[in-house]
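S.K.: I'd like to go over a predicted model; first the sequence, then the structure.
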Amino acid sequence: MTTSSDRKELKAKWKNEVEVKTIAMQEIAKHKTKDDNWIIIHGKVYDVTDYGKDHPGGLDILLEVAGTDATSAYEDVGHSEDAAEIMHSYLVGVMEGASPEGGGARKTSSAQLTHVIVRRHELEQSAPQTKRLLNLRTELAAFAVGTAGLTYFINSCHLLPSLTVSGFHATGSQAAHAGFTQGFFTASAALGIVGLAGLRYLSNASETRSFSSYAPHLQSVSPAGATFKPAGVLKPSVYRKFTLQRKDELSDGIYRFVFDLPTKYSVLGLPIGQHVAMRAMIDEHTVVRSYTPVSNNRDLGRLELLIRVYPKGLMGNYLKNLKIGETADIRGPKGAMKYRRSMCKEIGMIGGGTGITPLYQLIRAICEDPKDNTKISVIYGNRSESDIMLRGKLDHYARVTPHKFKIYYTLDQPGPEWTGGKGHVTKDLLKAKMPQVSPDAKILLCGPPGMVNAMKNNLVELGFEAPGGVSKMSDQIFCF
Ligand code: HEM
């Protein structure tokens, strides 16, 4: 972990390093091999040849962008501050034509841009309206309270009757006038109170315009909330501490870890399809792993992870040994997938082992959303029956929403009683279980790299478009 003094040192170093040479694009483009890999991020040139083997995202992904501007790919991943600091040590120059801050080469993904525009639009629209409503509400409240108070005062002092009866020997018209005045004040008070209640109702209703303007405990209205990015507790580039509330071993090696969010009404703020990164110091090394929670924004106050703990798995064992009440560093959301309702008509999913967790996020969102009619077909492969994760939930969705969700389990080592699929996922099985190639169909893959690569090749042979090295929402075959 980098301390604040390390950070200061790095910043000072960085200041000097800004004076580095300017490099032309033609020159940068020549460094595009495993043994000589330069990339551009925000207008700065980095030699990542030596970093490849240590890169938590893998060497291959850095090779995909070798010799090119990798800014948008880098930004799409949602790297942490740590990544930005590590990067400084690999700086070799500034791209010719880039601004001193590197802003010239900075690209903002269209998704981010849309988000900012929508937010600004919402603010412009709603702020004056809310202000107007507030002013009106205050004025009416003052009027109502004032008139009600005056009426009460007049009535309680019997001021009007005494005026009419004793002092002035009221005439018929004076008595009528007093009655009118009393009636006027009473009616004004009543109207003021009714008006106030009406305005309160209207301004509450206006809050439904923007998801983020709800009080947190009102935010999780439906799984469709996933199409927004609610103001959750996660921070994309800063790790926050979350306290372990419980851990259970569900079956051999599969653990559930439940972390508390800051309050019991807090919303995690994870768009469907995205994941979180967890960081820990293990044997003096910083270890970072990505996990997709099985809880979502509807599960207020908690973050739930389902993890297979392998005997040598660093983070799995770290979590297994974490005590209740201790904290873990988590940041997010991360990842290129942000599911939107009815993003396509059919989704095929192929999951292997723990790779079911990101797929499950989408399955849950779609099956629990009556307005989402996307059809999902899943092939879920495991070694043995006891390795199948989330089986109860998956079978439940297949039972209650059979018109949109089908699942086919296959095992490498099935027991004698097993009636599902056996062995590896073949091209024939893909043909039988996955959607046909169409612009309205997507295939999502998540599992061990061997499985993912084999599936990619088979699907491409079946006619699906081959994806690039860095996953994009627009890919027909999307790899988590
Ligand atoms: C000098 C440049 C880079 C540095 C220092 C760097 C560093 C890191 C670090 C520290 C992580 C762990 C997570 C975090 O703390 O953010 C990470 C993850 C990752 N990085 Fe990079 N990175 C670089 C460039 C890139 C580029 C150009 C790409 C894409 C083409 C990329 C793709 C990824 C991916 C996919 C992950 C894994 C994310 C996950 O597991 O959720 N990185 N990187």
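M.R.: Nice, I can see it.

S.K.: distance check, G301 against the ligand.
M.R.: Distance, G301 to the ligand, by C-beta to the nearest ligand atom, to the nearest Å: 24 Å. (C-beta placed from N, C-alpha, C; glycine too.)

S.K.: which residue sits closest to that residue, ignoring its sequence neighbours?
M.R.: Distance criterion C-beta to C-beta, 6 or more residues apart in numbering; nearest residue to G301, sequence neighbours excluded, is K264 at 3.8 Å.

S.K.: at which residues are the helices of the protein located?
M.R.: In chain order, the chain shows helices spanning 4-17, 25-28, 59-64, 71-77, 81-88, 110-156, 159-162, 172-206, 216-219, 314-321, 356-367, 391-400, 427-433, 449-461, with DSSP state H as the criterion.

S.K.: least reliable of those by average pLDDT, please.
M.R.: Of all the helices of the chain, mean pLDDT reaches its minimum on helix 216-219 (a mean of 36).

S.K.: near the ligand, which residues of this structure?
M.R.: On the criterion C-beta under 6 Å from any ligand atom, the ligand has as its neighbours in the chain the residues 39, 46, 48, 51, 55-57, 61-62, 65, 70, 73-74, 77, 79-80, 82-83, 86-87, 90, 275, 277, 288, 290, 334, 470.

S.K.: one more time with 8 Å
M.R.: 39, 41, 46, 48, 51, 55-58, 61-62, 64-65, 70, 73-74, 76-80, 82-84, 86-87, 90, 237, 275, 277, 279, 288-290, 331, 334-335, 469-470 (C-beta under 8 Å from any ligand atom).

S.K.: list buried residues within those residues.
M.R.: Among the residues of the chain next to the ligand, those scoring as buried are 39, 41, 46, 48, 51, 56, 61-62, 65, 70, 73-74, 76-80, 82-83, 86-87, 90, 275, 277, 279, 288-290, 331, 334-335, 470 (criterion: 16 or more other C-beta atoms under 10 Å).

S.K.: quick one on the thing from earlier: count the neighbours of the residue nearest to G301 for me.
M.R.: By other C-beta atoms under 10 Å, 10 other residues sit near K264.

S.K.: look up how far Q245 lies from it.
M.R.: Computed with C-beta to C-beta, to the nearest Å, the distance linking K264 and Q245 is 11 Å.

S.K.: residues contacting whichever residue of the chain sits closest to the ligand?
M.R.: Here the chain gets closest to the ligand at one residue, G57, 2.4 Å apart by C-beta to the nearest ligand atom. When contacts are counted by C-beta atoms under 8 Å, 6 or more residues apart in numbering, G57 touches V77.

S.K.: please name the bridge partners of the residue lying closest to M451 once chain neighbours are set aside.
M.R.: Nearest-residue entry for M451: G352, 4.4 Å, with adjacent residues in sequence omitted and distances by C-beta to C-beta, 6+ apart. In this structure, G352 has the following beta-bridge partners (DSSP bridges): G381.

S.K.: I'd say G352 and P448 touch.
M.R.: Yes: G352 lies in contact with P448 (C-beta atoms under 8 Å); the separation is 5.4 Å.

S.K.: give me the more crowded residue out of these two.
M.R.: Just comparing G352 and P448: by other C-beta under 10 Å the higher neighbour count belongs to G352, 23 against 13.

S.K.: how far away is that one from E75?
M.R.: Spatial separation of G352 from E75 under the definition C-beta to C-beta is 29 Å.

S.K.: tell me the pLDDT of the closest residue to A70 other than its chain neighbours.
M.R.: Nearest non-adjacent residue to A70, counting by C-beta to C-beta, 6+ apart: I39, 4.4 Å away. In the prediction, the pLDDT value recorded for I39 is 97.

S.K.: I'd say V233 and S266 touch.
M.R.: Yes: with contacts defined as C-beta under 8 Å, V233 counts as touching S266 at a distance of 5.0 Å.

S.K.: so how many other residues sit close to the spatially closest residue to R289 that is not a sequence neighbour?
M.R.: Ranked by C-beta to C-beta, 6+ apart and with sequence neighbours excluded, the top spatial neighbour of R289 is M315, at 4.2 Å. Using other C-beta under 10 Å as the criterion, M315 is surrounded by 20 other residues.

S.K.: could you name the helices and strands sitting against whichever strand in the chain runs longest?
M.R.: In the chain, assigned by DSSP state E, the strand with the most residues is strand 240-251. With contacts defined as 3 or more C-beta pairs under 8 Å, 6 or more residues apart in numbering; DSSP states H and E, strand 240-251 has these neighbours: strand 254-260, strand 302-308, strand 327-334.

S.K.: surely V94 touches I41?
M.R.: No: at 11.3 Å, V94 and I41 do not qualify as touching, with contact defined as C-beta under 8 Å.
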